[in-house]
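J.: Show me the folded form of this:
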Amino acid sequence: MNLTEYPYPSTRKVVLGHKGAVATSQPLASVAGIEMLLAGGNAVDAALAMAIALTVVEPTSNGIGGDAFALVWDGRLHGLNASGMSPSALDYDTFASEGKVPVRGWLPVTVPGAPSAWRALSDRFGKLPFEQLFAPAIRYAEEGFPVSPETAGAWRRSANVYQPLEGKCFEPFKKVFFPLGRGPNTGEIWNSHPHARTLREIASTGAESFYSGNLANQMAQFAADTGGYLSLDDLKNHRSDWVEPISLKYRGLEVYQIPPSGQGIAALMALGILQGFDLSKFPRDSAESFHWQIEAMKLAFADAERHVADPRFMTVSTNTFLDETYLASRRKLVGDAAAVPETGIPKGGTVYLCAADGELMVSFIQSNYMGFGSGVLVDGTGIALQNRGSGFTLEARHPNQYAPAKRPFHTIIPGFLTQGGKPLGPFGVMGGHMQPQGHVQVVVNLADYEMNPQAALDAPRWQWIKGKEVQLESSVPEQVTTGLRERGHTIEASAARTFFGRGQMILRDGETLVAASETRADGLAIVL
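T.: Prediction:
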C-alpha cells in the first residue's frame, strides 16, 4: 500500500490514526461516530450513531423506514441481514395489478429492518447504552443542520419524482420533505421534529416500540387508513438474521460479502472470473483492463439477476456460483469483443459507512432504495418507508418472483477484506447496481495496482448499464474510451460523478488505521 502516491486529481489524502477511525458520506454523521469513540464507545457504537444520524442528515438515501446489512470483525467475521419481508396480506395479483413491478406508494413497501439492526448490533457488540447512540441524530433533527451540497442536489432532483405523486398516503411525506414545494438548498438549515420524536422513542424502548408498540401501531393504522398492506403482525414477526459471510480469494486478498438475498455474490463472481486475467500487465487506465473487468461483471450480473433471491426460494447454492470450476467455465465466455448477456438491473439510493478501533471493525450499509423510497411517510413520525419490493420480479417461476412474506433481491452490500486470515478492514461503494461494480473496481485497484484507499476510491470508474452499453466517468482518458469502442462497447461519457457510486474504506496497515472517503460524496473520514 503506497500512502504517498495519488495518481488522480483529488483534494483528499488518506487520514491516519491508530486508536479509531470512522468514515461516512456526510461529515455530521462522521462527527457522531467520533463522539461515541470519545465517550468510551467502540467501533460498533460509532457505526450505529453514524447510521442513525444519517437517517436525519442524508434522508435522500436512507431513513428510519429502511433496511440494513453489516459485517463485524471481532476476531472473526459476523454477518447481519436486517432486511424486511413483503407484507403477508399483499398477494401476487394485487402486487402485479399495474402490469409491472411497482415503484412508489404502498405496493413496494416492505417491513423496515434498520431499527432491528441497530438493536441487534448494539446488544451483541456495543459498549455504550443504546439510548446514547441516538443523541447526535436527535440533536440534528431538533436543532437543524445545514444541508450539504450533494444531499441538496439529490433532494432537488427528487422533487421531480415525489412532488407529482397524488394520494392521501403521499401527503405526510411531502409535508416533511418538501414543505415549501421544494427541497432545501445547499447550506439551508433543515430540521424535523417528527424524526426527533420517533428516534427518541426507538432509543428509549430499545426499538420495541417500532415493532410491537406505539410506533408499530401508528404504522399499521396509517397503512389501514391510506390503502396500505403493512400490518402489526408483519412488524411483530420481523427478525434480523445473523448469517455466515461468503468470500472469495483474489490476488492474496480474501473478499467478504453478505450472502443472498443481496447482490454481493455478483462482486465475488466477477473477481473469480478475473482471477484468470493478469490485469497488472496492463496500465490501470487502459482499454484492456477496463474491458476484462466489464465483461466479467456482465457475466456475474447475468447469474445474479437470474438466480439470486430470498435463500428459501433459491434453486442454486452460493457455493455453486463460487466454485472454481464453474467460474472457469464462465471465464471462457470472455473474449476480446464486447458481449451481450441478458439481464435487468434496478437502480438505488443508499448510505455506506465504516468504523474501526483497536478490537472491532464494522462495515455497515443502510438504504430506503431509489432515493427517499416509496414516498410514503407515516404521518407524525418521520418514518419514510422503503420501496424494497421494487426488487422483486413478476416473472413466473423465477426464484425472486413476488410472494407475500418474502425478502426481495437486495442491492445493498457491505464489503470486508482480510489477508492471510487477518483483518484489513471494511469497504463499500453505495449506489444500486453500481455497488458490486464499485466493489470490483476498488478491489482491483488495491490488489492489481497497489493503490492506497483514497486513490482506489478516487480512480475513474466505469459502469455497465445493459447489453454493450457502458458509461464512463468524464475523467477516464480518451484512449480508454477509444479502445473500448474498438472492442464493440457502446460508450457514453458522463460528468455526473454521483452515478458511479460513493465509497468509504478503512484498512489496517500494521498498527495504523488508514481511512478514506471519496470525493463523489460530501463524506469525511476522521481518525483518532
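J.: Check the gap between residue 492 and residue 339 for me.
T.: 18 Å (CB to CB, to the nearest Å). Any C-beta I mention is one placed from the backbone N, CA and C, and that applies to glycine too.
J.: How about residue 137?
T.: Taken as CB to CB, the span from residue 137 to residue 339 is 46 Å.
J.: Just want to know which of those two has more residues nearby.
T.: Between residue 137 and residue 339, residue 137 has the larger neighbour count (other CB atoms under 10 Å), namely 28 against 15.
J.: Wait, that one touches residue 49, no?
T.: Yes. Applying CB atoms under 8 Å as the test, residue 137 and residue 49 come out as touching, 7.4 Å apart.
J.: what residues are shared contacts of these two?
T.: Taking CB atoms under 8 Å, 6 or more residues apart in numbering as the criterion, residue 137 and residue 49 both touch residue 32.
J.: Residue 399 - nearest residue in space that isn't next to it in sequence?
T.: Of all residues not flanking residue 399 in the chain, residue 309 sits nearest, at 3.9 Å (CB to CB, 6 or more residues apart in numbering).
J.: Which neighbouring residues are in contact with that neighbour, exactly?
T.: Residue 309 touches 260, 261, 398, 399, 400, 407, 408, 409, counting by CB under 8 Å, 6+ apart.
J.: separation between it and residue 260?
T.: Taking CB to CB, one finds residue 309 at 7 Å from residue 260.
J.: what's the answer for residue 526, then?
T.: 34 Å.
J.: Which one's more surrounded, these two?
T.: Remark: of residue 526 and residue 260, residue 260 carries more neighbours, 29 against 20, as counted by other CB under 10 Å.
J.: What confidence value was assigned to the residue lying closest to that one once chain neighbours are set aside?
T.: Closest residue in space to residue 260, ignoring its immediate chain neighbours: residue 308 at 4.7 Å, by CB to CB, 6+ apart. You'll see residue 308 listed with a pLDDT of 91.
J.: for the one 3 residues further on, same thing?
T.: Residue-level confidence at residue 311 comes out at 92, pLDDT.
J.: Identify the residues contacting it.
T.: Residue 311 neighbours (CB under 8 Å, 6+ apart): 259, 260, 261.
J.: Quickly note the distance from it to residue 110.
T.: From residue 311 to residue 110 the distance is 16 Å (CB to CB).
J.: try residue 223
T.: 12 Å.
J.: Please identify which of the two sits among more neighbours.
T.: residue 110 (31 against 23).
J.: That one: what's it in contact with?
T.: Contacts of residue 110 (CB under 8 Å, 6+ apart): 67, 83, 84, 85, 86, 87, 386, 388, 389, 407, 408.
J.: isn't there a strand covering it?
T.: No. Checked against DSSP: H, G, I helix; E, B strand; the rest coil, residue 110 lies outside a strand; its state is coil.
J.: pLDDT value on it, please?
T.: With respect to pLDDT, residue 110 has a value of 98.
J.: Now do the phi/psi pair for it.
T.: phi -120, psi 170 (degrees, to the nearest 10).
J.: in the stretch 401-528 of the chain, which spans are strands?
T.: With DSSP state E, counting those that start in this stretch as the criterion, the stretch 401-528 of the chain has strands at 415-419, 422-430, 462-466, 469-473, 490-494, 502-509, 512-517, 524-527.
J.: Which one of the ones you listed lies nearest to residue 202?
T.: Residue 202 lies closest to strand 422-430 among the strands of the stretch 401-528 of the chain, at 23.1 Å (CB to CB).
J.: Flag every buried residue along that closest one.
T.: Neighbour counts over strand 422-430 (16 or more other CB atoms under 10 Å) mark 423, 424, 425, 426, 427, 428, 429, 430 as buried.
J.: pLDDT and distance to residue 61 added to those residues, as JSON lines?
T.: Formatted as JSON lines, those follow (pLDDT from 0 to 100; distance: CB to CB, whole Å):
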{"residue": "423", "pLDDT": "96", "distance to residue 61": "27"}
{"residue": "424", "pLDDT": "96", "distance to residue 61": "26"}
{"residue": "425", "pLDDT": "97", "distance to residue 61": "23"}
{"residue": "426", "pLDDT": "98", "distance to residue 61": "18"}
{"residue": "427", "pLDDT": "97", "distance to residue 61": "18"}
{"residue": "428", "pLDDT": "95", "distance to residue 61": "13"}
{"residue": "429", "pLDDT": "93", "distance to residue 61": "13"}
{"residue": "430", "pLDDT": "87", "distance to residue 61": "7"}
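J.: If you count contacts, what does the helix or strand hosting residue 249 end up packed against?
T.: Here residue 249 sits within strand 246-250, counting by DSSP states H and E. In terms of contacts (3 or more CB pairs under 8 Å, 6 or more residues apart in numbering; DSSP states H and E), strand 246-250 is packed against strand 253-257, helix 264-274.
J.: Tell me the buried residues in that strand?
T.: Within strand 246-250, judged by 16+ other CB under 10 Å, the buried ones are 246, 247, 248, 250.
J.: again with stretch 94-114
T.: For stretch 94-114, using 16+ other CB under 10 Å, the buried residues are 94-96, 101-114.
J.: so how many other residues sit close to residue 300?
T.: If you count neighbours by other CB under 10 Å, residue 300 ends up with 29.
J.: That one contacts residue 263, correct?
T.: No. The criterion here is CB under 8 Å, and residue 300 misses it with residue 263 at 9.1 Å.
J.: what's the domain layout of the chain?
T.: 28-238+365-391, 243-348+414-458+501-527 (automatic domain parsing).
J.: Out of those domains, which gets the lowest mean score?
T.: Lowest mean pLDDT within the domains of the chain: domain 243-348+414-458+501-527, at a mean of 92.
J.: end to end, how far does that domain reach?
T.: For domain 243-348+414-458+501-527, the first-to-last residue distance is 30 Å (CA to CA, to the nearest Å).
J.: Please compute how far that domain lies from its chain's middle.
T.: 14 Å (CA atoms, centre = their mean, to the nearest Å).
J.: try stretch 115-124
T.: The answer for stretch 115-124 is 18 Å, by CA atoms, centre = their mean.
J.: what does stretch 108-126 give?
T.: Using CA atoms, centre = their mean, the offset of stretch 108-126 from its chain centre is 15 Å.
J.: which residues of the stretch 1-150 of the chain fall in helices?
T.: 27-38, 43-57, 92-95, 114-125, 135-143, 149-162 (DSSP state H, counting those that start in this stretch).
J.: now the stretch 351-500 of the chain
T.: Under DSSP H, counting those that start in this stretch, the stretch 351-500 of the chain gives helices at 434-447, 453-458, 478-486.
J.: Against which helices or strands is the last one packed?
T.: Here helix 478-486 touches helix 287-307, strand 469-473, strand 490-494, going by 3+ CB pairs under 8 Å, 6+ apart.
J.: Next, the buried residues of it.
T.: Those buried within helix 478-486 under the rule 16+ other CB under 10 Å are 480, 481, 483, 484.
J.: of the contacts of residue 311, closest to residue 211?
T.: Distances from residue 211 to those, taken by CB to CB, are shortest for residue 261, at 20.4 Å.
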